[in-house]
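*Asks:* Let me see the structure of the following:
(one chain, ligands or ions: 1)
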Amino acid sequence: MRDLAGTMTMVPTPYQVVARRVETDDVVTLTLRAAGRPVLEPWRPGQFTMVYAFGIGEVPLSVSGGDGDDIRHTVRAVGPVSRAICSAPVGSVLGLRGPFGVGWPVPADQGVDAVIVAGGIGLAPLRPVVTALLAQHRGGRVVVLIGARTPADLLYTEEYPSWRRAGAQVLITVDRAAAGWTDHVGVVTTLLDQAFRTADAASAVGYVCGPELMMRLTGRALVDRGMAATQVHVSIERDMRCGVAVCGHCQLGPLLLCRDGPVASFEVAQPLFAIREL
Ligand SMILES: Cc1cc2nc3c(=O)[nH]c(=O)nc-3n(C[C@H](O)[C@H](O)[C@H](O)COP(=O)(O)OP(=O)(O)OC[C@H]3O[C@@H](n4cnc5c(N)ncnc54)[C@H](O)[C@@H]3O)c2cc1C
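*Replies:* Predicted coordinates for the structure are as follows:
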């Protein structure tokens, strides 16, 4: 099938696994490089690709980074396809389609503060926002709040020092502490008081990704602290198949999330969160 621009969108492009990093017990980051021509179009933070484990199936995965034509995906093994992708060895080939969806909006005003709130694997799609905002040297504050179930579930821990050196305030919490843990314990919203000691709620832009309950509560808490619901952005996950707004699997209210999402403002998302997936 071809989209309106005449580009092949339903045929996976072969990408080879060139690096594989074990992040946690059930999360792996793969760096993928085009095995030949063509290569995918450049991606924007917040976009996803459909990743095909040949002979097993295809799932949507957010882009968590990448340099040049390389694409990084961070994937948690939850079922047959994500398990196959997680265990793909260096040298093996996966199929990629995309990038699809709208990305995280980057504030036009350079001085605006950004509050980024991640729960668990939700840090994967937010990582490119953090690195993009820090690379832009914008002048606004960048506050990154990270929550995980346990210390062993925290992602990208080796990157936090460089984010801090680049000027970000990085606050971390876990639901359950482990031996030796001296940092915060509690759900990620318990970090908000500390975050808003430095960030200006009235003008800040919010980026939230994690389990749906966490996004609902965090979005609400950010708005309660004075942020505009139009300025708080969340990433809504629903079952996706085609990625090109044809099959209708990801329809949620008026949105086809593969095309109109997965990123949406909290103003748009809040009423839609009440709709359960079939
Ligand atoms: C736009 C988008 C971006 C995504 N980005 C990432 C990413 O960067 N990294 C990552 O690890 N996962 C991401 N996901 C989720 C990922 O697509 C699913 O985990 C995957 O489709 C599961 O497929 P499976 O065949 O392995 O498991 P399945 O057999 O389909 O599911 C196994 C279990 O996981 C649950 N599950 C399946 N899909 C989801 C989901 N979307 N959200 C919550 N629970 C689910 C099922 O209910 C079931 O309990 C994203 C999803 C979307 C829609």
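
*Asks:* Please report phi then psi for G167.
*Replies:* Dihedral pair for G167: phi 110, psi -10, per degrees, to the nearest 10.

*Asks:* so it sits right up against L134, yeah?
*Replies:* Yes - G167 is in contact with L134 according to Cβ atoms under 8 Å; the separation is 6.6 Å. The way it works is simple: take the backbone N, C-alpha and C, and place the C-beta from them, glycine included.

*Asks:* tell me, what's touching the two both at once?
*Replies:* Common contacts of G167 and L134 (Cβ atoms under 8 Å, 6 or more residues apart in numbering): V142.

*Asks:* Which of those two has more residues huddled nearby?
*Replies:* Per other Cβ atoms under 10 Å, whichever of G167 and L134 has more neighbours is L134, with 19 against 14.

*Asks:* does that one really touch A166, like I thought?
*Replies:* Yes - L134 is within contact range of A166, at 4.1 Å (criterion: Cβ under 8 Å).

*Asks:* so what's the residue of the chain found nearest the ligand up against?
*Replies:* Across the chain, the shortest distance to the ligand (Cβ to the nearest ligand atom) belongs to G79, at 1.9 Å. Residues in contact with G79 (Cβ under 8 Å, 6+ apart): none are found.

*Asks:* Quick check, pLDDT for it.
*Replies:* We have a pLDDT of 97 for G79.

*Asks:* do I85 as well
*Replies:* Reading off the model, I85 has pLDDT 98.

*Asks:* Would you mark the buried spots in the helix or strand hosting it?
*Replies:* For I85, the host element (DSSP states H and E) is helix 80-86. Buried residues in helix 80-86, defined by neighbour count with 16 or more other Cβ atoms under 10 Å: 81-82, 84-86.

*Asks:* Could you export stretch 84-103 as PDB, CA atoms only?
*Replies:* Output of stretch 84-103 as PDB, limited to C-alpha atoms (Å, rounded to 0.1, in the frame of the first residue of the first chain):
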ATOM      1  CA  ALA A  84      11.300 -11.600  20.400                       C
ATOM      2  CA  ILE A  85      12.500  -8.000  19.800                       C
ATOM      3  CA  CYS A  86      14.200  -7.900  23.200                       C
ATOM      4  CA  SER A  87      16.100 -11.000  22.500                       C
ATOM      5  CA  ALA A  88      17.200 -10.100  19.000                       C
ATOM      6  CA  PRO A  89      21.000 -10.500  19.000                       C
ATOM      7  CA  VAL A  90      23.500  -8.100  17.400                       C
ATOM      8  CA  GLY A  91      23.600  -8.900  13.700                       C
ATOM      9  CA  SER A  92      20.000 -10.000  13.400                       C
ATOM     10  CA  VAL A  93      17.500  -8.100  11.200                       C
ATOM     11  CA  LEU A  94      14.200  -6.600  12.200                       C
ATOM     12  CA  GLY A  95      11.700  -4.800   9.900                       C
ATOM     13  CA  LEU A  96      10.900  -1.100  10.500                       C
ATOM     14  CA  ARG A  97       8.100   1.100   9.200                       C
ATOM     15  CA  GLY A  98       7.600   4.700  10.000                       C
ATOM     16  CA  PRO A  99       8.300   7.000  11.700                       C
ATOM     17  CA  PHE A 100       4.700   7.600  12.500                       C
ATOM     18  CA  GLY A 101       2.600  10.000  14.600                       C
ATOM     19  CA  VAL A 102       3.000  13.500  15.900                       C
ATOM     20  CA  GLY A 103       5.900  14.200  18.100                       C
END
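
*Asks:* what comes up buried for it?
*Replies:* 84-86, 88, 92, 94-103.

*Asks:* same question, stretch 130-145
*Replies:* 130-131, 133-134, 138, 140-145.

*Asks:* what do you get for stretch 236-248?
*Replies:* Going by 16+ other Cβ under 10 Å, stretch 236-248 has these buried residues: 236-238, 240, 242-245.
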